[in-house]
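Visitor: quick one, structure for this:
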Amino acid sequence: MSPKNALLPLAVAVVCVTGAQAQCLSDAQVAELARHYTERTPAPNFEPPTDEEGACTRAKFNALLAQKLGKVVGYKAGLTNPAVQKRFNTDKPVWGKLYEGMVQPNGYTVEATFGARPLFEADMLVRVKSAAINHARTPMEVLESVDQIIPFIELPDLLVQAPPKLNGPGVAAINVGARLGVAGEPIAVPRTRGERYAMLDALARMTVQVTDHSGAALATGTGSDILGHPLNAVTWIAEALQKEQLGLQPGDLVSLGSFSPLMPPRAGLSATVTYLGLPGAQPVRVNFK
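Guide: I've put the predicted structure just below:
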């Protein structure tokens with residue numbers, strides 16, 4: 001056997017071992033994840049999956065969540081901020097489903113222990129106006145297919161015992177930690193093209209500030225921190241959903257991702273997110289008890 005051919009069995013063995021390290025979680029494992037989600041207790045970590053394995057596990061997990069949470073009201077893009085991507089050792093976003101009852105009104109008060117591994121972050125929603133959004137490829141095409149921009153504080157739950165061990169597909173597998181969120185006053189998308197260009201510019205340039213009840217700064221970000229422009233998250237998720245024979249529908253909400261680091265809540269904290277430089281944007285607040 002030549003030296004080159006002698007390496008073939010070793011290469012095959014390495015591929016087999018590597019492939020065996022992770023796989024789509026079994027029905028029993030996913031049922032256990034769902035149980036921990038319902039009970040708000042940390043679930044055991046699983047081996048870091050591939051993209052395909054993460055998508056397979058997410059589908060199983062969502063099927064169980066739907067039995068308890070009901071109607072899908074939209075989708076969330078996660079890991080759209082390069083700083084957050086780095087935390088989970090990935091270079092691309094992931095997506096999950098939003099269910100009825102997850103989006104709460106401005107000023108909502110919730111227990112600081114609302115999840116197994118609760119966090120909060122500065123985010124933003126858009127509301128879909130037209131199914132044409134599924135073919136949008138630019139921020140302007142997105143803006144033409146939505147009717148509202150909505151300030152939003154997301155309250156994700158990373159669910160597992162050791163969240164830092166999750167990789168990108170692992171975050172996808174747990175439905176991107178979708179648990180709760182607080183929506184502020186919607187901003188109507190303007191009618192004229194000139195006004196829409198001004199809104200697009202403002203969305204990219206705005207400064208997003210997170211402050212506590214005393215006004216002290218907790219975090220700061222900019223609109224362009226999300227994929228260069230926050231509405232690029234919508235074009236990404238539309239393409240990703242099409243690959244799985246899904247699509248955005250009128251009335252759906254889309255969460256764009258994080259303008260801030262993921263932060264842990266604590267009892268007694270009130271967090272306010274302000275969108276400086278975005279005309280018409282009112283602050284949105286959540287209270288932890």
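Visitor: which residues sit against stretch 189-197?
Guide: 129, 140, 143, 144, 146, 147, 148, 149, 198, 199 (C-beta atoms under 8 Å, 6 or more residues apart in numbering). Yep, even glycine has a C-beta here, placed from its N, CA and C like the rest.
Visitor: can you rerun that using 7 Å?
Guide: Stretch 189-197 is touched from outside by 140, 143, 146, 147, 148, 149, 199, with contacts defined as C-beta atoms under 7 Å, 6 or more residues apart in numbering.
Visitor: now for those, which pair is the farthest apart?
Guide: Maximum pairwise distance in those, criterion C-beta to C-beta, is 16.5 Å, between 140 and 148.
Visitor: for stretch 37-49, the averaged confidence score.
Guide: The pLDDT scores in stretch 37-49 average 97.
Visitor: please compute how far it lies from its chain's middle.
Guide: Centroid separation for stretch 37-49 versus its chain: 17 Å, with C-alpha atoms, centre = their mean, to the nearest Å.
Visitor: same thing with stretch 129-138?
Guide: That offset, for stretch 129-138, works out to 19 Å (C-alpha atoms, centre = their mean).
Visitor: now do it, average pLDDT.
Guide: Across stretch 129-138, the average pLDDT comes to 97.
Visitor: which one is the spatially most central residue of the chain nearest to, not counting chain neighbours?
Guide: The centroid of the chain falls nearest to residue 78 when counting by C-alpha atoms, centre = their mean (3.0 Å). Spatial nearest neighbour of residue 78, excluding adjacent residues (C-beta to C-beta, 6 or more residues apart in numbering): residue 176 at 3.8 Å.
Visitor: ok so the one you found is a helix residue?
Guide: Yes - counting by DSSP: H, G, I helix; E, B strand; the rest coil, residue 176 is part of a helix.
Visitor: tell me how far it lies from residue 103.
Guide: For residue 176, the distance to residue 103 equals 15 Å [C-beta to C-beta, to the nearest Å].
Visitor: compare the two (neighbour count), which wins?
Guide: residue 176 (26 against 20; other C-beta atoms under 10 Å).
Visitor: and the strands in the protein, which stretches?
Guide: 72-78, 94-99, 103-105, 108-110, 121-128, 146-155, 180-183, 187-188, 207-211, 217-222, 253-255, 270-276, 284-288 (DSSP state E).
Visitor: which of these sits closest to residue 244?
Guide: Judging the strands of the chain by C-beta to C-beta, what sits closest to residue 244 is strand 94-99, at 9.2 Å.
Visitor: just to revisit the earlier point, point out the one among the strands of the chain that comes closest to residue 47.
Guide: strand 94-99 (17.1 Å).
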